[in-house]
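>>> Fold the following and give me the result.
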Amino acid sequence: MIIIGLTGSIGMGKSTVAGMFERLGVPVFDADAAVRQLQGPGGRALAAIEAAFPGTTHAGGLHRERLGAHVFGNAVALRRLEAILHPLVADSQSRFLGAHRLKPAVILDVPLLFEKGGWKRCDLSVVVSAPYRVQRARVLARPGMTPEKFAAILKAQMPDREKRALADVVIETGRGRRETWAEVRRLVASL
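Take a look at the predicted model:
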């Protein structure tokens, strides 16, 4: 099985590209979805999060704003949260790999693939990228997003140019869906 790490900064089109891989029959593990499940109703991370950050959970899952108030801009608190979540996400990822072990290829869709060392588990790394103006327009079109929030998110992520330099493959998403789809199809065919 070929393990492909898929990553890209906010607004680059990573979710769209992941969906294209799925349509071509390549199973996708979505790390963000795994985190949402761990923090959702009955999620395996809730008790540990509540113990570390009292008042941040409820019967329906996580109070995202309350937890965000604890960890945003606080590196120590963020590391504490990551120490809770990362092992649980790794367990979910291992179960995914086991369930798809007979597939020729799988995608690990991990936003912080390079930042957290996840690329070491992969045979191939793919970065989804677009020009800054396209990225900015996509992100600012999201509900509740502001230029200040966008700038803070970018500051916390590895710059796109660094991700591109580390990638085995770069998929450009700024030229429209048709061209992106063609790039994904070519990559899958080459596997």
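
>>> Contact partners for the residue nearest the centre of the chain?
Compute the mean C-alpha point of the chain, and by CA atoms, centre = their mean the closest residue is Pro111, 2.8 Å away. The neighbours of Pro111, taking CB atoms under 8 Å, 6 or more residues apart in numbering as the test, are Thr7, Gly8, Lys14, Ala31, Asp32, Gln157. No exception for glycine: its C-beta is placed from N, CA and C like everyone else's.

>>> now Leu85
Going by CB under 8 Å, 6+ apart, Leu85 touches Val35, Leu38, Ala45.

>>> what's the pLDDT at it?
pLDDT for Leu85: 94.

>>> what about the closest residue to Leu24 other than its chain neighbours, neighbour count?
Nearest residue to Leu24, sequence neighbours excluded (CB to CB, 6 or more residues apart in numbering): Val188, at 4.8 Å. Residues lying near Val188 (other CB atoms under 10 Å) number 17.

>>> Arg80 now?
Residues lying near Arg80 (other CB under 10 Å) number 17.

>>> now it: how far from Phe53?
When distance is defined by CB to CB, to the nearest Å, Arg80 is 8 Å away from Phe53.

>>> And the strands in this protein?
Taking DSSP state E as the test, the strands found in the chain are 2-7, 28-30, 57-58, 61-62, 105-109, 124-129, 169-172.

>>> so which of the ones you listed gets nearest Gly19?
Distances from Gly19 to each of those were compared by CB to CB, and the smallest falls on strand 28-30, at 8.0 Å.

>>> Contacts for the closest one, please.
By CB under 8 Å, 6+ apart, the list of residues contacting strand 28-30 reads 6, 18-19, 21-22, 92-93, 96-97, 106-109.

>>> go with 10 Å
By CB atoms under 10 Å, 6 or more residues apart in numbering, the list of residues contacting strand 28-30 from outside reads 3-4, 6, 14-15, 17-22, 36-37, 89, 92-97, 99-100, 106-111.
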